[in-house]
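Can you look at this prediction? I've put the sequence above it.
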Amino acid sequence: MANEANNFQQLISHCKEYGYIFQSSELYDGLSAVYDYGQLGAQLKKNLRDEWWKSMTQLHENIVGIDAAIFMHPTVWKASGHVDNFSDPMIDNKDSKKRYRVDHLIEAHAEQLALDGKKDEEAALLKSMDELLAKDDFAGLKTLIDSNNIKCSISKTCNWTDVRQFNLMFKTEFGAVASENPDDNIVYLRPETAQGIFVNFLNVQKTGRMKIPFGIAQTGKAFRNEIVARQFIFRMREFEQMEMQFFVRPGSQMEWYAYWRDARKVWHQSIGIPAEKLRFHDHIKLAHYADAALDIEFEFPFGWKELEGIHSRTDFDLSQHAQYSKKKIQYFDNDVDPATNKPYGNYTPYVVETSVGLDRLFLTVISLAYAEEKWTKEDGTEDSRVVMRIPAKIAPTKLAILPLVKKDGLPEIARQLMDECKQSFMCFYEEKDAIGKRYRRMDAIGTPFCVTIDHQTKEDNTVTIRYRDDMRQERIALSDVKKIVLQSL
Ligand code: GAP
């Protein structure tokens with residue numbers, strides 16, 4: 001575990017060094033739990049988003065995509081239950097003044113028990129916590145923390161306040177006109193993208209003439225004032241979600257819930273996440289809107305954690321919006337119900353939601369990809385490299401084009417190849433430094449293919465292609481380069 005933690009720190013440094021991820025406002029010492037994606041990070045993130053978008057919209061005839069605004073009418077959040085319920089139980093340490101999310105505090109203690117070989121105690125503690133959280137038993141949670149002697153990591157004391165609820169939504173003021181009642185101008189930064197889909201249900205269904213079952217997909221920023229924001233881009237205050245609400249006939253939701261649970265796991269595998277690194281975790285405590293929910297968990301360097309949520313949200317959201325807006329939000333289903341031999345008629349659709357954090361998916365991909373390798377060469381000397389084995393399909397740069405020297409007409413041939421390939425995928429051109437050094441740099445940023453143009457290219461139109469993953473090199477026709485890269489995408 002210590003080694004994994006060490007590797008995780010190396011990964012964070014690597015992301016910064018090679019332009020994947022920077023601390024936000026680093027110039028001013030940073031802003032906690034907010035990150036900027038650099039030149040390579042932004043491209044990798046876009047590739048992941050595009051893969052998701054394609055899998056949802058292009059590959060499903062009954063799913064369409066939208067792009068709703070971040071600002072929404074404040075009543076949306078009243079109707080959705082976020083104003084009253086989107087809170088976490090928190091506890092403060094009176095000595096350090098540090099605030100903790102209760103489940104995180106207890107989980108960290110449980111992790112330590114596991115590391116100390118006290119697996120039974122770990123399991124018992126987590127079981128008690130889950131039961132108390134399910135009952136919203138705050139006094140019980142406080143007793144659990146006290147009886148387990150759980151200490152603050154800063155003050156090292158057990159001097160805790162009572163457990164209290166803390167709302168996670170960010171508020172801001174809307175418009176320039178001051179109102180007598182300051183609450184009139186309050187808007188929230190959306191804590192999930194899903195509500196933008198619910199409030200557009202009728203717009204999309206009618207204008208797109210969508211027939212149930214159908215889905216609406218969306219990607220975009222969400223904001224949560226996380227109390228304990230940690231583990232790099234795992235838990236951020238500003239992050240991006242990729243959500244899809246699938247509207248179904250009431251009563252069929254469990255069938256679709258099982259369908260999307262399996263389909264989403266298969267999708268994660270399709271972008272290179274091995275099946276054994278993914279598992280399902282059923283929720284014991286259900287959110288206020290759900291009749292079933294599970295997490296697709298990934299084994300991050302710091303343990304198994306949620307990557308994506310699959311939620312059966314019933315008709316809660318559409319019914320709430322109908323009630324608060326005083327407008328009818330229903331669907332007329334003229335398919336015939338075999339039980340009654342009559343059309344299903346009017347109903348409020350049920351919803352199965354898939355919701356994955358794009359930043360968390362990014363972290364998944366890079367933590368799988370990052371490797372520090374050492375080996376002994378044929379001459380007995382040691383060699384090493386850092387490599388990002390990002391699958392070619394999502395790698396930010398697909399091909400590096402490297403003229404061996406900056407003269408003798410080699411850059412011209414390289415530029416021609418660049419012009420031929422750059423319409424189809426991201427290429428990188430580099431003519432500085434020794435070729436071995438350039439290969440290492442491409443390994444470090446995760447470029448799956450390098451092509452070297454040398455003097456032989458001028459004679460027989462062949463180039464050396466070098467494969468990132470096994471460092472194999474072979475001679476191929478210059479005219480085959482584009483085809484080989486395209487085949488891998
Ligand atoms: N609309 C349902 C919803 O928002 P959620 O389980 O709260 O459900 C869905 O969030 C996904 O969003 C999570 O599985 C995670 O990948 C991502 N996510 C949630 N909070 C996050 C945070 N603070 N930082 C990064 N990603 C987050």
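Here it is on my side, so go on.

now check the lengthiest helix in the chain, is it near the ligand?
Counting residues, the longest helix found in the chain (DSSP state H) is helix 253-270. No. Against the ligand, helix 253-270 shows no contacts by CB under 6 Å from any ligand atom, the least distance being 10.8 Å. C-beta coordinates here come from the backbone N, C-alpha and C atoms, glycine included.

So which bits of the next helix or strand after that helix are buried?
Once the chain leaves helix 253-270, the next helix or strand it forms, by DSSP states H and E, is strand 278-282. By neighbour count on 16 or more other CB atoms under 10 Å, the buried set for strand 278-282 is residue 278.

how big is the angle separating strand 278-282 from helix 253-270?
Interaxial angle, strand 278-282 versus helix 253-270 (axes from the mean of the first three to the mean of the last three CA atoms, to 10 degrees): 160 degrees.

Please identify the residues of the protein in proximity to the ligand?
Contact residues, the chain versus the ligand (CB under 6 Å from any ligand atom): 192, 194, 224, 226, 235-236, 239, 241, 243, 306-309, 353, 355-357, 359-360.

again, only using 8 Å
Residues of the chain lying close to the ligand by CB under 8 Å from any ligand atom are 33, 191-194, 222, 224, 226, 229, 233-237, 239-241, 243, 287, 295-296, 306-309, 311, 353, 355-357, 359-361.

Can you list which of the residues you listed are found in strands?
222, 239-241, 243, 295-296, 306-309, 311, 353, 355-357 (DSSP state E).

I'd like to know which of those is nearest to the ligand.
Within the set of these, residue 357 lies nearest the ligand; the separation is 2.6 Å, counting by CB to the nearest ligand atom.

Correct me if wrong: that closest one contacts residue 238.
No. Between residue 357 and residue 238 there is no contact, the gap being 11.5 Å when judged by CB atoms under 8 Å.

So which of those two has more stuff around it?
With neighbours defined as other CB atoms under 10 Å, residue 357 and residue 238 compare such that residue 357 has more, 23 against 16.

For the more buried one, give me its contacts.
With contact set as CB atoms under 8 Å, 6 or more residues apart in numbering, residue 357 has these partners: 239-242, 307-308.

Torsion angles phi and psi at residue 142?
Dihedral pair for residue 142: phi -60, psi -40, per degrees, to the nearest 10.

My understanding was that it contacts residue 150; is that so?
No. Applying CB under 8 Å as the test, residue 142 and residue 150 come out as separate, 10.5 Å apart.

Compare those two and say which is more crowded by neighbours.
residue 150 (21 against 18).

The stretch 351-489 of the chain: helices as residue ranges?
Using DSSP state H, counting those that start in this stretch, the helices found in the stretch 351-489 of the chain span residues 358-369, 410-421, 435-445, 455-460, 481-488.

So, low pLDDT: which residues of this protein?
Filtered on pLDDT under 70, the chain yields the residue ranges 1-5, 176-180, 182, 228-229.

Can you give the domain ranges for this protein?
Domain ranges of the chain: 2-76+180-365, 87-167, 397-488, per automatic domain parsing.

Figure out which of these is closest to residue 173.
domain 2-76+180-365 (4.7 Å; CB to CB).

next one: that closest one to chain centre, how far?
Relative to its chain's centre, domain 2-76+180-365 lies at 9 Å (CA atoms, centre = their mean, to the nearest Å).

sorry, back to before: out of the contacts of residue 357, who's the most crowded?
Using other CB under 10 Å as the neighbour test, those are led by residue 308, with 25 neighbours.

so what's that one up against?
Taking CB under 8 Å, 6+ apart, we find residue 308 in contact with 264, 268, 295-296, 354-357, 360-361.

Can you tell me the closest non-neighbouring residue to it?
Excluding the flanking residues, the one nearest residue 308 by CB to CB, 6 or more residues apart in numbering is residue 356, at 3.8 Å.

Show me what the one you found bridges to in the sheet.
Residues in a beta bridge with residue 356, per DSSP bridges, are residue 242, residue 308.

Quick check, it in contact with residue 49.
No. Using CB under 8 Å, residue 356 is not in contact with residue 49; the gap is 10.5 Å.

Name the residues contacting each of these two.
Common neighbours of residue 356 and residue 49 (criterion: CB under 8 Å, 6+ apart): residue 242.

In terms of packing, which of these two has more residues around it?
The neighbour comparison of residue 356 against residue 49 (other CB under 10 Å) goes to residue 356, with 25 against 17.

shouldn't residue 409 be in contact with residue 458?
Yes. Assessed by CB under 8 Å, residue 409 is found in contact with residue 458 at 6.4 Å.

shared neighbours, these two?
Going by CB under 8 Å, 6+ apart, no residue sits against residue 409 while also sitting against residue 458.
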